[in-house]
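Visitor: Have a look; sequence and predicted model below, questions after that.
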Number of protein chains: 2
Amino acid sequence: MLLNGLRRPVRARSAHDLVARGIGQNIMQGRFPIGSILPGDADLMELYGVSRTSLREALKTLAAKGLIESKTKVGTKVLDRNNWNMFDADILDWHLEMGVDARFLGWLFEIRQMLEPLACATAAMRRTPDQLEEMQRALEAMYLCETSRQGFTKADLAFHQAILEASANPFLQSIGSMIGAALATSFTISSPVSSDARFKAVMRQHQAVLDGIAQRNPVAASEAMSALILQAAERIQIKHGESALTTVQIHAFSGVA
Amino acid sequence: MLLNGLRRPVRARSAHDLVARGIGQNIMQGRFPIGSILPGDADLMELYGVSRTSLREALKTLAAKGLIESKTKVGTKVLDRNNWNMFDADILDWHLEMGVDARFLGWLFEIRQMLEPLACATAAMRRTPDQLEEMQRALEAMYLCETSRQGFTKADLAFHQAILEASANPFLQSIGSMIGAALATSFTISSPVSSDARFKAVMRQHQAVLDGIAQRNPVAASEAMSALILQAAERIQIKHGESALTTVQIHAFSGVA
DNA sequence: TTAGTATTATAGTATGATTTATTGGGTCAG
DNA sequence: CTGACCCAATAAATCATACTATAATACTAA
């Protein structure tokens, strides 16, 4: 099982990775303002103490993520935010390392509340027996991790990723790192295993999601996931307003209907 | 106005861009199978006729998008699909250049039907007067482009991007390239300006979205966008089943509520 | 068998030289 | 004075080569 969003040992990274992260974080913090031209190759080489090869690989990495754009003669420009690929695992990591505020978590949860119920509804239609077993294994791992917040987070992420996988939609499958970021951060604010009552409530909600998918019931599965996410948002106090803004319908446009 | 998903002059690309695209497409087509180790640096240099520097920059670009991972001694491995960043503009471009099937469009529309109504609902709450004007300008440009499919597509994308911008959610703002891919492809299947009646119907729906956002009415705005997307899906014949799978609520978790 | 060590293939890093493309200024004809 | 054109300066893009670090493998000794 791959856990995109949670591999955080942080150890021994390569030179260009360090440089990419350094420049990337400087951009996000506004030290290299949007629209500005950042220092030339020679300056950056000296600033980070690496060769041009490593520096250029770092810049190519950042360019691939939409943070910068290099043009001959004019220099390397910091691109506007809407060119940044916010679903990128590294960009999320860098945000997390800088510390995220409630606003950032709110953005994450706004996306989650839409895409995860979709994943549940389509997974309910398309899941294979193997994929269902994968979800069950993850849920059992969560049961066994009541005492370990870290282990619980890992198992929780595995559960959500198994659902994404079963949705059979590659776009949904690639948001695992985003969910990992959301889980890791919200659990540092308010642990779901801090009390036995809370733990049981969380597990009940996850079980409801699994049941819905197991019974091939897209309504039950998506509503259970909606409730789960909404309650998580309330736990970390990012919910705005009492009622929903509106509702939207989910249609299946691909695969088994 | 930046148009992420439609900048398609295509020619005059740099060496590493060509190599990245070549390897990337080979991976997507299965010529470099998932999980396999692709040829070593020396072989790839010869294969694409570039220097080590350019090759490595291309590989770093692909690594940044989650397609590959390099490890010393073991080689460069093609990663599993759920590591790929499907929201990346280049990856979408490469898919488009290879030709997309109905299944791929279905995946795109499944995401659109969730995220764009969300963007409309939040934009209705958070939009500024300037942002509303931007949408109006885009809509007027669509009116003026009844005869030009290319011009219409560009204006249509600008309209959708203006909504994303007004949603004030960076994650939504970074999916512009995905919407551009969806529009460009579906318009080649079935042009919305092929007949005057169809054109008028499409414009009526877009106007309804704008009106909802102008009146700060999240229900009207999101429902109009839902209808718009559903009809587009029907036009290109990717709709599955008669009724919706289920419905989900939209909550605001950030910004002005 | 096992533990430790040497080998070696491969990606990673460094450096300097060369090429290419764009900007900005300057020249000259209109 | 205006515009088109050319030229030089500059910074990124590319090339070529050499060297380093890492980890998988094979080999040796306990």
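Guide: Yep, it's here. Treat the numbers as computed from the prediction; the structure is a model and nothing was measured.
Visitor: Pull out the buried residues from stretch A:69-85.
Guide: Residues of stretch A:69-85 classed as buried by neighbour count (16 or more other C-beta atoms under 10 Å in any protein chain shown): A:70, A:76-79, A:82-85. The C-beta positions use only the backbone N, C-alpha and C, and glycine is treated the same way.
Visitor: Quick check: which of these are also close to DNA strand D?
Guide: With C-beta under 7 Å from any atom of the strand as the criterion, these include A:70, A:76 near DNA strand D.
Visitor: and of the buried residues of stretch A:69-85, the nearest to residue A:161?
Guide: Nearest to residue A:161, judged by C-beta to C-beta, of the buried residues of stretch A:69-85 is residue A:85 at 19.5 Å.
Visitor: So for the closest one, what pLDDT did the model give?
Guide: With respect to pLDDT, residue A:85 scores 96.
Visitor: who's in contact with residue A:108?
Guide: A:178, A:181-182, A:185, B:171 (C-beta atoms under 8 Å, 6 or more residues apart in numbering or on different chains).
Visitor: Turn the buried residues of stretch A:69-85 into a markdown table, including secondary structure.
Guide: Below are the buried residues of stretch A:69-85 laid out as a markdown table (DSSP: H, G, I helix; E, B strand; the rest coil):
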| residue | secondary structure |
| --- | --- |
| A:70 | strand |
| A:76 | strand |
| A:77 | strand |
| A:78 | strand |
| A:79 | coil |
| A:82 | helix |
| A:83 | helix |
| A:84 | coil |
| A:85 | coil |
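Visitor: tell me the centre residue of chain A?
Guide: residue A:178 (0.9 Å; C-alpha atoms, centre = their mean).
Visitor: any idea how far that one is from residue A:192?
Guide: If you measure residue A:178 against residue A:192 using C-beta to C-beta, to the nearest Å, the figure is 19 Å.
Visitor: Can you give me the buried ones in the strand or helix carrying residue A:125?
Guide: Here residue A:125 sits within helix A:102-126, counting by DSSP states H and E. Buried residues in helix A:102-126, counted by 16+ other C-beta under 10 Å: A:104-126.
Visitor: and the angle from it to helix B:102-126?
Guide: 150 degrees (axes from the mean of the first three to the mean of the last three C-alpha atoms, to 10 degrees).
Visitor: now the residue in the stretch 51-200 of chain A that DNA strand D sits nearest to, nearest residue through space, not along the chain?
Guide: Closest to DNA strand D within the stretch 51-200 of chain A is residue A:70: 3.4 Å, counting by C-beta to the nearest atom of the strand. Sequence neighbours aside, residue A:76 is the residue nearest to residue A:70 in space, at 4.5 Å (criterion: C-beta to C-beta, 6 or more residues apart in numbering or on different chains).
Visitor: Show the contacting residues for the one you found.
Guide: A:37-38, A:59, A:68-70.
Visitor: again, only this time at 10 Å
Guide: When the contact criterion is C-beta atoms under 10 Å, 6 or more residues apart in numbering or on different chains, the partners of residue A:76 are A:23, A:32, A:36-41, A:44, A:59, A:62-63, A:67-70.
Visitor: Report the buried members of those residues.
Guide: Among the contacts of residue A:76, the ones that count as buried (16+ other C-beta under 10 Å) are A:23, A:32, A:38, A:44, A:59, A:62-63, A:67-68, A:70.
Visitor: So which of the residues you listed sit within helices?
Guide: Among the buried ones among the contacts of residue A:76, the subset assigned to helices under DSSP state H consists of A:23, A:44, A:59, A:62-63.
Visitor: Widest-spaced pair of the residues you listed?
Guide: Of all pairs in these, the most separated under C-beta to C-beta is A:44 and A:63 at 13.8 Å.
Visitor: can you list residues touching both of these two?
Guide: With C-beta under 10 Å, 6+ apart, residue A:44 and residue A:63 have common neighbours A:56, A:76.
Visitor: can you pull out the strands in chain A?
Guide: Ranges of strands in chain A, per DSSP state E, are A:37-38, A:68-71, A:75-78, A:246-250.
Visitor: Which one, of those, ends up nearest to residue B:53?
Guide: strand A:68-71 (14.1 Å).
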